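Q: Give the three-dimensional model of this entry:
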Amino acid sequence: MVIVEVGLILSTIRTVSQAIEDCKSLSSMATGIDKCLTLAENNFFDENGNKKQLNLDGDESTDLKDIVVELETEKKLRAEIHRMGLALDRKFGEGSFAEVLNTRKIRLKKRAEKKEEIKQNLILQKQRRQKILIEIGKGIILIISVSGFVYFVMENI
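A: The predicted structure follows:
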């Protein structure tokens, strides 16, 4: 099943590489290039940039066949992405693909930082709500205690 996904990624990259030759502007290819890079990253790398395991059960396989298939597939994928980059550089000038990759990397990093910031803000909001609820609970207990004490004093006078 993973091999099918990788085959899909490779064929998508090849299709985009061929379409690069026919396109007139880099912006017209942006969606295809983004799809290729996103597919590759989602299948080979996690959100932290660490290498993802290809096997489906989540355990790291020690079978030599699985390791060889994983390494060969990753090399094919990297080679196809490199070919796509060369085609972009030929069509739109030297360094175009590197510039696209660098800009994309910066934006993905900013997006990850923003997600982390939002996550931290949500945690802080949750902690604030818990503190408020605890203080409200303390207030209610205090009011009940004072009311009970006043009732007790009034009954005994």
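
Q: can you list the domain ranges for the chain.
A: Here the domain parsing of the chain from automatic domain parsing is 2-94, 112-157.

Q: Which of those domains comes out lowest on mean pLDDT?
A: Mean pLDDT across the domains of the chain is lowest at domain 2-94; the value there is a mean of 68.

Q: Secondary structure class of residue 74, three-state.
A: helix (DSSP: H, G, I helix; E, B strand; the rest coil).

Q: ok, residue 11 to residue 74 distance?
A: 16 Å (C-beta to C-beta, to the nearest Å). Every residue, glycine included, has its C-beta placed from N, CA and C.

Q: The two: which has the busier surroundings?
A: Using other C-beta atoms under 10 Å as the criterion, residue 11 and residue 74 rank with residue 74 on top: 17 against 11.

Q: Now do the more buried one against residue 142, distance only.
A: Distance of residue 74 to residue 142, computed by C-beta to C-beta: 64 Å.

Q: Then residue 115?
A: Using C-beta to C-beta, we find residue 115 at a distance of 41 Å from residue 142.

Q: Tell me which other helices or strands the helix or strand where residue 155 lies touches.
A: Following DSSP states H and E, one finds residue 155 within helix 96-156. Contact here means 3 or more C-beta pairs under 8 Å, 6 or more residues apart in numbering; DSSP states H and E; on that basis helix 96-156 packs against helix 26-44, helix 64-92.

Q: how about the ones you listed, which one is nearest residue 132?
A: Closest to residue 132 of the helices and strands packed on helix 96-156 is helix 26-44 (C-beta to C-beta; 39.7 Å).

Q: the inter-axis angle of the helix holding residue 155 versus helix 64-92?
A: On the basis of axes from the mean of the first three to the mean of the last three C-alpha atoms, to 10 degrees, helix 96-156 is oriented at 110 degrees to helix 64-92.

Q: and residue 85, how many neighbours does it have?
A: Residue crowding around residue 85 was assessed by other C-beta under 10 Å; the count is 18.

Q: Excluding residues flanking it in the chain, which one is nearest it?
A: Using C-beta to C-beta, 6 or more residues apart in numbering and skipping the chain neighbours, the partner closest in space to residue 85 is residue 97 (3.5 Å).
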